[in-house]
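Q: Got a predicted model here, sequence first, then my questions.
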2 protein chains.
Amino acid sequence: MKRINLLLICCLVCQLFFAIDAQAQMRRQIVSPEVHKDRTVTFRYNAPEATKAELSAQFLKENLPMTKDENGVWSVTTPPVAPDLYPYNFIIDQVTVNDPNNVLIFPNEKFKGSLVDVHGDTPPIYAVQDVPHGKISYRFYTSKTLNDTRPLVVYTPPGYDPNDKSKSYPVLYLIHGATDTHETWFKVGRVNFILDNLIAQGKAEPMIIVIPYANPRMTYTGKNIEGSPVDFTDELIKEVIPYTEKNYRVRTDADSRAIAGFSRGGSQTLNAGLGHPELFHYICPMAPAVNAQRVDESFKNGTYASVDVLKSNLKLLWLGCGTEDFLYEGAVGFAAKMDDLGVPYEKKYTPGGHTWMNCRIYLYEIAQKLFK
Amino acid sequence: MKRINLLLICCLVCQLFFAIDAQAQMRRQIVSPEVHKDRTVTFRYNAPEATKAELSAQFLKENLPMTKDENGVWSVTTPPVAPDLYPYNFIIDQVTVNDPNNVLIFPNEKFKGSLVDVHGDTPPIYAVQDVPHGKISYRFYTSKTLNDTRPLVVYTPPGYDPNDKSKSYPVLYLIHGATDTHETWFKVGRVNFILDNLIAQGKAEPMIIVIPYANPRMTYTGKNIEGSPVDFTDELIKEVIPYTEKNYRVRTDADSRAIAGFSRGGSQTLNAGLGHPELFHYICPMAPAVNAQRVDESFKNGTYASVDVLKSNLKLLWLGCGTEDFLYEGAVGFAAKMDDLGVPYEKKYTPGGHTWMNCRIYLYEIAQKLFK
């Protein structure tokens, strides 16, 4: 009896080393995604009962049907994919799910995507290289403005020393898009590796990057905050910036302060940035939710400072957008308005749509222009 | 035409403020989980095509069937739930999925769970309170042992100042379970809030907690490392500890060094801790994958140091396990062996199984015993 017990325990312990439960063990056999040398990718998903399965991925124009094998595992192998880090999902009988066999998750309030990293012959801008690495920190601060404990993700560059009084750093406030979270610029944007690489190459100034959770209507644990404001500018100026300046060795002049953001975060960037040129001299909207009419309104109602003040203060107004982005026309309208008003700006239109592949390119671009 | 275009753009921009795409918009209407005042919880999942849906949750003895409404949304309301933070999933036509409407995700190599936080009348040990908050940092180091860039999650207590030469801190190396990742003690274990609260109450010594990724056979991005060792002790001693001592103001005597871990991490804790009493004087396995026979073998083959050395060195050997844990019998066997050998230890057996609800209790317990 004792021997059987021992055997049983050994068995259980052995199992532990391979998987916690039988279900996990079944899934364990499945490798997904499997990136092949020719940059084709095989995706697999275990769903014996499903009647239909598709792959949805940001490198595909349309979803790819998957086929089921005798064990109930659906799979599909894609054509060769251009190197990049792409979000994807499975759609199983019309239900969108992420890939349970993939540890790389897309942080988002509503959408649970996975990420596949397709490498080419040269390391991408976001590659994990053997260079000095900065630090990503999750901080929590008490916001009186929102009456909530709020999260911040902060990048400090390699060698950052909070007590070296001989050094202080410029700071970029970097805002995510609608339904993204404070984690998205880290986990999908790869902000730390992009900056580590640029700093190692001497192409970017060592800077501190502060990524707030820019949805003032929700706690970071996903609960609605009743009656909270929609606008993020107040939270940024009254809470995030003071917290940053109290806790990090940052310079506090507007020449050392930048703001950038994607999508809804792009319009938050414009509201806070163009509205407060006394605070920000570098303003970088990426595929912002804006258009010409809104620019007019924002100048009229005082959300943006006057054209003259902007002209005499800004060091950089930088606009990025994908030519296939559904907000491209709005971005072009914004640019035309700046032309009309004579506000200097730079722009970069890239191929592709409203994607984080483009976000990483924009971050890579602006990081080389800031604070110079 | 221009007006139509403007309208269209406005429309698109408005949409952006609510959701990026129609699918997300549909999901947006769904609130899940919804914790009611009486601690019943309603879970919802949109799957019009599914024929069967169930809720699997760690507060349930068996799965609860969900019912579909006329819009294809499945839901179920549970009986009142004892306050805690629980992992859960949906099982849709036998496919396990997490909750797309819940931002709280369980980080794991294989299993994509969600978390529901059911509060009672008093704040739980892991509550986000208005106390000084420590910092969680994601660090990346180059491991020669594994020939890989490895992640570390590090907790530094409130007021930690890397340059205050008058202060140094004890350090706890905290290991996750099989298939968990370096993120699980943070996101599920809530290590930072548990410590913040204990430190604010004066119940725990301010300490640094280092959480490595303890699966030496996988990169943190989920790729297998060919030919890597199974044992984690080498990586811990040759890489993690030196990195910590180089980058943090930690004390380097064994009286100021603790190791603790859950499940597979519990046996890694015993291997590294009992094997190196010259390094660790506090050793805290939690539901470890161990048993009496293995203890014998480990003493025999030199994995553990001699009983005499352990007896004269250890400050604390602390064992935690759930009485319904499938590893409970092994833990009891381990304890009996320590009794036989005369190695002093403390133990805490809690109700419940192999769960992170228990892990949080164990962390709360040991944090009050370490370095005193």
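A: Yes, it's here.
Q: pLDDT score for the nearest residue to residue A:35 once chain neighbours are set aside?
A: Excluding the flanking residues, the one nearest residue A:35 by Cβ to Cβ, 6 or more residues apart in numbering or on different chains is residue A:41, at 5.1 Å. Quick note: C-beta positions are derived from backbone N, CA and C, even for glycine. On pLDDT, residue A:41 comes in at 97.
Q: what's near enough to touch residue A:41?
A: Neighbour list for residue A:41: A:33, A:34, A:35, A:77, A:78, A:81, A:116, A:118 [criterion: Cβ atoms under 8 Å, 6 or more residues apart in numbering or on different chains].
Q: Same list, those residues, but as JSON lines with pLDDT, distance to residue B:342 and neighbour count please.
A: As requested, the contacts of residue A:41 are exported to JSON lines (pLDDT from 0 to 100; distance: Cβ to Cβ, whole Å; neighbours: other Cβ atoms under 10 Å in any protein chain shown):
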{"residue": "A:33", "pLDDT": "96", "distance to residue B:342": "53", "neighbour count": "24"}
{"residue": "A:34", "pLDDT": "95", "distance to residue B:342": "52", "neighbour count": "15"}
{"residue": "A:35", "pLDDT": "95", "distance to residue B:342": "54", "neighbour count": "17"}
{"residue": "A:77", "pLDDT": "98", "distance to residue B:342": "61", "neighbour count": "14"}
{"residue": "A:78", "pLDDT": "98", "distance to residue B:342": "62", "neighbour count": "21"}
{"residue": "A:81", "pLDDT": "97", "distance to residue B:342": "62", "neighbour count": "19"}
{"residue": "A:116", "pLDDT": "97", "distance to residue B:342": "55", "neighbour count": "23"}
{"residue": "A:118", "pLDDT": "96", "distance to residue B:342": "58", "neighbour count": "20"}
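Q: Count the neighbours of the closest residue to residue A:341 other than its chain neighbours for me.
A: Counting by Cβ to Cβ, 6+ apart, residue A:307 is the residue found nearest to residue A:341 once chain neighbours are left out, at 4.9 Å. For residue A:307, the count of nearby residues is 15 (other Cβ atoms under 10 Å in any protein chain shown).
Q: Please enumerate the helices of chain A.
A: With helices called from DSSP state H, chain A shows them at A:2-18, A:22-28, A:184-187, A:191-200, A:233-235, A:241-247, A:264-275, A:292-300, A:307-313, A:328-341, A:356-367.
Q: May I see these organised as TSV, with mean pLDDT and distance to residue B:150 added?
A: Shown next, in TSV, are those (pLDDT from 0 to 100; distance: least, Cβ to Cβ, whole Å):
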stretch	mean pLDDT	distance to residue B:150
helix A:2-18	41	20
helix A:22-28	44	22
helix A:184-187	97	17
helix A:191-200	98	14
helix A:233-235	96	35
helix A:241-247	97	27
helix A:264-275	97	31
helix A:292-300	95	46
helix A:307-313	97	44
helix A:328-341	97	40
helix A:356-367	98	23
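Q: from what I can see residue A:167 touches residue A:156, true?
A: No: using Cβ atoms under 8 Å as the test, residue A:167 is too far from residue A:156 to be in contact (11.7 Å).
Q: the more surrounded of those two?
A: Neighbour totals were compared for residue A:167 and residue A:156, and residue A:156 leads with 23 against 12 (other Cβ under 10 Å).
Q: and the helices of chain A, which is most packed in?
A: Counting by mean count of other Cβ atoms under 10 Å in any protein chain shown, helix A:264-275 has the highest mean neighbour count of these, with a mean of 26.
Q: And the residue nearest to residue A:35, how close does it get to residue A:59?
A: 9 Å (Cβ to Cβ, to the nearest Å).
Q: Overlap in contacts, these two.
A: Common neighbours of residue A:41 and residue A:59 (Cβ under 8 Å, 6+ apart) are A:78, A:81, A:118.
Q: Could you tell me which of the residues you listed belong to strands?
A: residue A:118 (DSSP state E).
Q: if we take the shared contacts of residue A:41 and residue A:59, which one ends up nearest to chain B?
A: Checking the shared contacts of residue A:41 and residue A:59 against chain B by Cβ to the nearest Cβ gives residue A:118 as the nearest, at 12.4 Å.
Q: Spit out the contact partners of the closest residue to the closest one other than its chain neighbours.
A: Take residue A:118 and drop its neighbours on the chain: the residue closest to it by Cβ to Cβ, 6+ apart is residue A:81, 4.8 Å away. For residue A:81, the contacting residues are A:39, A:40, A:41, A:59, A:118, by Cβ under 8 Å, 6+ apart.
Q: per-domain residue ranges of chain A.
A: Domains of chain A are assigned by automatic domain parsing as A:23-118, A:135-367.
Q: Could you identify which of these has the lowest mean pLDDT?
A: The lowest average pLDDT among the domains of chain A, as it happens, falls on domain A:23-118, at a mean of 90.
Q: Could you give the separation of that one from the chain centroid?
A: 21 Å (Cα atoms, centre = their mean, to the nearest Å).
Q: now stretch A:284-291
A: 15 Å.
Q: Just the residues contacting it, thanks.
A: By Cβ under 8 Å, 6+ apart, the surrounding residues in contact with stretch A:284-291 are A:178, A:258-267, A:269-270, A:273, A:316-322, A:325, A:327-331, A:333-334, A:354, A:358-359, A:362, A:366, B:6, B:9-10, B:13, B:16-17.
Q: Which single residue of the stretch 151-300 of chain A ends up nearest chain B?
A: residue A:163 (3.3 Å).
Q: which non-adjacent residue is nearest residue A:325?
A: residue A:354 (4.6 Å).
Q: quick one: contacts of stretch A:348-366?
A: Contacts of stretch A:348-366 (Cβ under 8 Å, 6+ apart): A:58, A:84-87, A:125-126, A:174, A:184-185, A:188-191, A:194, A:198, A:258, A:260, A:262-263, A:282, A:284, A:286-287, A:316, A:318-328, A:331, B:20.
Q: Before I go, just wanted to say thanks for your time.
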